[in-house]
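S.K.: take this sequence and fold it.
(4 chains)
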2 protein chains.
Amino acid sequence: MPVDQLSATFAALADPTRRAILARLVEGEATVNDLAAPFPISAQAVGKHLRVLERAGLIERRRTAQQRPSRLRAVALKDAAGWLEGYRAFWEAGFDRIDQRLRDHD
Amino acid sequence: MPVDQLSATFAALADPTRRAILARLVEGEATVNDLAAPFPISAQAVGKHLRVLERAGLIERRRTAQQRPSRLRAVALKDAAGWLEGYRAFWEAGFDRIDQRLRDHD
DNA sequence: TTCTTAGCAAACTAATTGGTTTGGTAGCAG
DNA sequence: CTGCTACCAAACCAATTAGTTTGCTAAGAA
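M.R.: From the prediction side, this is the model:
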């Protein structure tokens, strides 16, 4: 696993279960069991996904009684979105290469 | 590796070498050896990265003589960017949860 | 105290990853 | 034909991943 922050963020997003967990957290904090309920996998497996998300900075967890609710840290998505924005001009204009663009300007 | 398109895209982006390859391809087509030059890894390893990018739809390759130049397919980044956009409001407004937002509206 | 619930940690498995080295093939140049 | 260049494919390795099961601790309920 690459260690830089951007790679960790993209890697964390490269799993549909983890993206679904983030989508659920938009509605507010949730415990491990809350988050595991919709999935056919064990709560332990969800706990592992939460650790991946936590390492990537995408969630924060606190401790209340015997629960460890997670909440979204959407700000960690900023850099990933910023990286992709650098390519927006290329797909929106329908060209994929700078030299193609230059050719269009001939 | 997850099989859905969005996961494949994020997984492909979760490696600094592959992101650097995409950045290089913004300048136009490049062969495997062109792309391998800046990196301390073998051309074979770069070839593997190219296959990952190709499976994710992020590059296309053609055949000319004995070269296999790659070119960027930036449009494949659109869905990933769209997914992230769904969270922009949360990090820009400085709240991370909908219920926090609702609280602000009380 | 005892029971139950929520969660973590460790050990294990199967599959994948990112890299290597070796050995090819396809096509151009001599 | 003989080489050289560009690339691919396969075998291998070490590390990681996503999942499991088992067993633990911490906190509240009976």
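S.K.: burial measure for residue A:77, as a count.
M.R.: Neighbourhood size, residue A:77 [other Cβ atoms under 10 Å in any protein chain shown]: 25. Using the backbone N, CA and C atoms, a C-beta is placed for each residue, glycine as well.
S.K.: which of the three states applies to it?
M.R.: Three-state call for residue A:77 (DSSP: H, G, I helix; E, B strand; the rest coil): helix.
S.K.: so who does it touch?
M.R.: Counting by Cβ atoms under 8 Å, 6 or more residues apart in numbering or on different chains, residue A:77 touches A:9, A:58, B:84, B:87, B:91.
S.K.: and the gap between the third one and residue B:59?
M.R.: It refers to residue B:84. 21 Å (Cβ to Cβ, to the nearest Å).
S.K.: of the two, who's got more company?
M.R.: Neighbour totals were compared for residue B:84 and residue B:59, and residue B:59 leads with 28 against 22 (other Cβ under 10 Å).
S.K.: so which residues on chain A come close to chain B?
M.R.: When proximity is defined by Cβ under 8 Å from any Cβ of the partner chain, chain A lies next to chain B at A:2, A:4, A:6-8, A:10-11, A:13-16, A:19, A:22, A:25-29, A:71-78, A:80-81, A:83-85, A:87-88, A:90-91, A:96-99.
S.K.: so of the residues you listed, which ones are in helices?
M.R.: Those of these mapping onto helices are A:6-8, A:10-11, A:13, A:16, A:19, A:22, A:25, A:78, A:80-81, A:83-85, A:87-88, A:90-91, A:98-99, per DSSP state H.
S.K.: can you tell me which of the residues of chain A next to chain B are buried?
M.R.: A:6-8, A:10-11, A:13-15, A:19, A:22, A:25-26, A:28-29, A:71-74, A:76-77, A:80-81, A:83-84, A:87, A:90-91, A:96-97 (16 or more other Cβ atoms under 10 Å in any protein chain shown).
S.K.: I am finished for the moment; much appreciated.
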